[in-house]
Every structure is written in C-alpha cells, then in structure tokens.
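K.L.:
sequence? don't have it. structure:
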C-alpha cells in the first residue's frame, strides 16, 4: 500500500480539532469563529458590481487570467497601500492571491525546505502554523508581551535556530493574542532579520479593523533591504468568501512567488478580482472601512465590558482592533475542562492550545471572537462563561 | 542576504518561458494558448446565476466556506460523475478545488517529499510538471504511443525508480500529445500501480470535450483498492476564470487532502462554487456539453484539414477531443528555429521542449491549440506555417 508523505504523516489529528468540530454545531453561541461581521459585508455593492461586470464584459471575467493577478486590481492595490500605509515601492511587486493564507503558503515554498525552521509568535494563528507544518518546517515560538513579540527571546531563538529562514509575525491585533507590535519592536525585529539573513513575513489581515489607539507603521514601510513579504487581505474589509488577498513582494523574490502562485492554482478567480477592482472604482473603500470600524468597535467593547462584569477573574489585554480576545483563566480552572463545560452550556470558545507550537503543553488561555455573534449572544454567552467559572 | 529554498532555486527560467512571453503579444495568431473556446462559455447563464445568488442569499455566498467545498456542489458532482463516468464510490470523497492544478498540488504535498519521484507521460502538461518540480520531486518520463503511455517503458521506469510515489497520467486527449490511453493500458497501469504501491493521479480535464470515437472508462471507475486520485474541472465545460474543479479522493486520503486544501487557500470561493452548483440545478449541463462539443469538433477538424492541406510534411495523430494537436516537424527543420520564424510571421505555437522532463534535449514537436483562435485565424495561421516550412 502507498504511504502518505513524511510531511503529512507528522500532521496528526489533534484533540483541539475534535473540539472545534463540536463548536460549529447549531444552537451554539459562537465565540469560536474567526469570521468578520456579516453585517459589515457590502452585499448590495457586490451584487451590483457582479452584474455590471457580467453584463459589460463577461468573457474577460471568465477566461484564464495571469498568475500575478488582474492588472487593474494590482495597480489599485499598489496605490492604495502606498497612500494608506506607505507600504510598497517600485522595488516591490503586488501579487494577488486567493486569500491571505495563500501568501503564507507560497512564501513558505519559495523560502524554506523541509527541516528548516520558521520563527513565530507563540501563540500564533493555527492556519499559518499548520501551513508551515505541512511543508515540513519546524516551528520555533517566541513569547509575546502586551506590545508584541519579546525581542530578547527573539534574539535567543534566532541564535538557537541557525536553520531558521523567516520570521512570521501578525503585527496588528495578533491572532490570537490581540496584541500590536510596537514601532520600537518592529524596528528591532527588522534589524535582527537583516543581521541574520532572515526574511520577515509580515501578516496584516486585521490592520484596517483598528477601533482605538494610533496606527503603527508597517515593517514593510521601512524595508529598505527588500527582505519583507507583506500580506494583506480583502477578507476582513469586503468579505472572506470572495477569496481575494494580496502580497507585496520584493522584486528579487517576485518571479519565484509568481511561479509559486502558478503551480498552486494558476491564478485567482477573475470575476472575484474584478469585483474588488471595480469596488475601488465605484465606491469609497476608505469610507466603508470607517463605517465597519463602528461595528467592530461596538462589539469589541461590548464583549470586554461583559467580561469585566461577569468574569472579573479572567485577565486579558483589551485589543485596539481585530477580531479576538485572548483570555487567561484563573489558576484554579483547568482550561480544557472549562471549554468542555462551556460546550455543554452551548457556548463555543477555542482552547488556547490550538495556537501553541506544541498543542499538548499546558495552557490556561482561551480565544474569544466578538465579530461573529450577535450583541445579544455576546451578553448571554459571557454571562454563561461567568456562571461556569463560579462553579470552580 | 536570504536565499530561496532549494526547491525553487532549481527552477531556473527557461528559454521556453521567454518564447511564451512573446507569443501572447497582440496581433499574434494564437496557436500557443490553452484556453477553452470563449464562444462556448455560458455567459448569460453565469450572469443570471450570480444575480440570483447575490439577491437571495448574499451572506452565504460571501462568508467563509468549508475546506472540502460547498456541500450541495459536492453532492451534485458526486452524483453527476457516478452517472456519467461511473467514477466514485462511497469509499471516495469529492473535494472541490480552485482549478485542476490545485488537485495536482495538493496530491503532491500529501503523497511525496522532496527527492521522491513522480512518473509522468513524456511529453506532459508543463503546469503539472512545474508543480511537481516546485515540490522538489524528480520527474521520470515514460514515452507515449498513439494509445497512450508505453506500458513496457512504464514497467522499466517503475523498476528504475524505487523512490517513485505516484504515476501522473492525463488519460483523455493528453496535453500535449493528444492521445487517449486505451482501456487495456489503463488496466495494465492500474495493475502495475497496485503491485508497486503507487498511487495513480488521473487527470481528466478534457474528457468532456470528446468529438469522435468511443468513451473509455476512467481508471478511477475500476479503483477497487482506493489508490486512484481523480481530477476533473469546470474550466473546460463552463469557464476557466471561475476556478472550480474537483478531486475524487479515496477516503483513506481524504483527511490529509482536506488539510492540504486548508493550508493552501482555506477554501474555494463560495460564490464561484454556488454558481456551478446552481448551474446544475437550473440548466441541463449534459446538453450544454453536447452543444459545445460541436464547436470543438468543427475547430479540431478545421485545423487538422488545414494541416493536411498546407503542411503535408507535418505528422500528427488526429485527436478525438481536447484542445491540442501535437505536430512533428520533418527532419530537415530545426524546431526552435521554426518557432522563431513563425513568431516573425505573427503565428505563435509552443515549442515541444516545454513539455519534456529535460527541456534542453532535442525535440522536433510543436503544440498547436485550435480552441482559442477564430476559424479565420486557424486557416490563415496554418497557411503561414506551411509557407514557412517550404522555406527549409
């Protein structure tokens, strides 16, 4: 009989995955999701745009596209990023991908071989961690403080891992930590990467969902050496089901990145890209972002206020944006037991172990999402969380 | 400075790629493409379907989907394949992908590690070959006869490559060879795979574009052992820009395949999948296939008739379907020189070397596509091909 590849044989199904299956059952109060708020989707606009495109020029929306992406969208994204975030220069290439995860997947292919190491925040996004694992990479975790990756620990981890090829960081409202990497630390990380021949994979899916505090410049905005791959997405500001995201890639890597895209799925859906491109042409995207920030601000504050009221023994850093709250349970509570008791009460949260390099190590955190549930469910669910806590 | 991965460092830009760039210039008679005929796209239907979906239930078309694919589409494809091709049993899982290439990419990840070997027809589709190369696989080519892979040579290549993990075969109207693997050879290949612990990756993008001869049962239709991954696509019968394809995967591999999809791009665009799903619900897809076969039949026969008339010294096997003719130049003609002379006359064809395991070895073939050019351009282009041939 055939055997699966070594890379995939090592990806064993985890206890966490079993819990996640349960959490998507109907009737659950869903704090376990990671979807943006559906009431923020510009549904009428998407319908009008699709109709216009398929009326005016259906063939160009349905025929093969190029691997780098639909050219007008690439140009629009390039200008928009420059203006909004000072990201990207003429020495960079904007390449459109099918969602943000694909940026991580392609970057991993072109930057690392099986057995190499990627340095990540610990905790970090399970989807990216699994992507790295699926390429046979080793994960070296660096703990995070309230202002992002601990730089002293990063220095140590770099020294301990001469095989490391890149640093993966979610700079704004980290998933799941909720923390934002300070400007000082961004600069320190950049200097360390430069000195150690490492690429930085800067993942910024949530940056546009800032609801408090000041914008912090992207690492990519001071990338004079061409060592930062920057990933952004329309999943959070338009809608995730459309699967359109972008990478800003130093020109020296762009040819390899394009081949990586080509061998992955040839190109991103053309209709999908044209919808996003035309959305910029016909609507005020920046104004839309301001509008949806109101929704996220309300929901984030509601969940935090409920936590403060019903679960005073839970510790967390109030995030300045994003989708998640990273909540630390009191010492007398066994995290997995608590998660299971919540499931019995029809409240679904993600066990923090899901985001750890080693998901069998002890962990007292859970991740809470506030964008998916309704306001009513946020109140009700957090109240239940408090009641269950009081039983310990 | 950072270095690219070993896998990608070995993917050097080829002379072929430079020629392909030129062939897409405006004003070219395009025999170098690989796109289905745009006049066969059901554009009005797609527009109506998109509008219905985005009117009736926009949120479900825009929110995150599941990695395995949109459930109603998976069910529809399962039934349709069973009825039409006797492909798939309850021991298989239908998984939706973003185009056919993604099936090869995911199957490669889960079945092979860097340094392993994949056994391919030689020549074979450059997109798949590059996908295998990008994972660091070695390619072992098996020559093809007019009825597909030479089985004696396959036996030898299997013996010579104990590291081989799977056989990649395009069973119908092979790209670029145009040949169809006979039933006898399909059975022989299956027995060899079984005896040697190999998986078969059966790629069937063109099967629905048969314009002559009898259907040949898919290898997957007699896969009692669960060792065949079958790939099909809506790129040729609906439209390629929509990026919806499917894999029929033995259940024992399905969990790994789903993880492979998840770490690649999370899921295929939901609107895209809903359009295809609803296309089956509201239209007669089988009747549509019969209609578009008429277009392909006319164009295939037109190009073959023109070749017989203007280029009698070119040898080829008239394909029974698909998109391509694999044309052998007379011995006195240097293939790359001929291709360049054609470019000067504004006719673009693909040098046969593009499809070889070693694209620097001598090759006297070119690949011609008849689905993209207009009838007029087919006549004009093949006439020019003949004129240039006469100059040797």
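P.N.:
Structure's in. What do you need? Predicted model, so just to flag it, every value in this text is computed and none were measured.
K.L.:
count of residues packed around residue A:335?
P.N.:
Residue A:335: 18 surrounding residues under other C-beta atoms under 10 Å in any protein chain shown. In this view, the C-beta of every residue, glycine as well, is placed from N, C-alpha and C.
K.L.:
Ramachandran coordinates for the residue nearest to it when sequence neighbours are not counted?
P.N.:
Nearest residue to residue A:335 in three dimensions, chain neighbours excluded: residue A:364, at 5.3 Å (C-beta to C-beta, 6 or more residues apart in numbering or on different chains). Phi and psi for residue A:364, reported as degrees, to the nearest 10, are phi -110, psi 20.
K.L.:
okay, residue A:364: pLDDT?
P.N.:
With respect to pLDDT, residue A:364 scores 97.
K.L.:
Please determine how far it is located from residue A:314.
P.N.:
In this view, residue A:364 and residue A:314 are 10 Å apart by C-beta to C-beta, to the nearest Å.
K.L.:
which neighbours do the two share?
P.N.:
By the contact definition C-beta atoms under 8 Å, 6 or more residues apart in numbering or on different chains, residue A:364 and residue A:314 are jointly contacted by A:328-329.
K.L.:
quick one, which of the two is more surrounded?
P.N.:
More crowded of residue A:364 and residue A:314, by other C-beta under 10 Å: residue A:314, with 21 against 15.
K.L.:
wait, the more buried one sits on residue A:327?
P.N.:
Yes. Under the criterion of C-beta atoms under 8 Å, residue A:314 makes contact with residue A:327 at 4.9 Å.
K.L.:
between those two, what contacts are shared?
P.N.:
residue A:307.
K.L.:
circling back: what's near enough to touch the residue nearest to residue A:335?
P.N.:
Residue A:364 neighbours (C-beta under 8 Å, 6+ apart): A:328-329, A:331, A:333, A:335, A:352.
K.L.:
Report the residue spans of the stretch 51-200 of chain A with pLDDT below the cut-off.
P.N.:
Residues of the stretch 51-200 of chain A meeting the criterion pLDDT under 70: none.
K.L.:
quick one: the strands in it?
P.N.:
Using DSSP state E, counting those that start in this stretch, the strands of the stretch 51-200 of chain A run over residues A:92-97, A:117-122, A:138-145, A:148-149, A:164-170, A:199-203.
K.L.:
One more: the stretch 251-392 of chain A?
P.N.:
A:324-328, A:347-348, A:350-351, A:365-369.
K.L.:
Save these as JSON lines, and put in mean neighbour count and distance to residue B:359 too.
P.N.:
Output for the strands of the stretch 251-392 of chain A, formatted as JSON lines (neighbours: other C-beta atoms under 10 Å in any protein chain shown; distance: least, C-beta to C-beta, whole Å):
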{"stretch": "strand A:324-328", "mean neighbour count": "22", "distance to residue B:359": "48"}
{"stretch": "strand A:347-348", "mean neighbour count": "24", "distance to residue B:359": "52"}
{"stretch": "strand A:350-351", "mean neighbour count": "24", "distance to residue B:359": "48"}
{"stretch": "strand A:365-369", "mean neighbour count": "25", "distance to residue B:359": "49"}
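K.L.:
To residue B:118, which of those strands lies closest?
P.N.:
strand A:350-351 (37.8 Å; C-beta to C-beta).
K.L.:
Run through the neighbouring helices and strands of that closest one.
P.N.:
The contact analysis (3 or more C-beta pairs under 8 Å, 6 or more residues apart in numbering or on different chains; DSSP states H and E) places strand A:350-351 against helix A:15-23, helix A:335-344, strand A:365-369.
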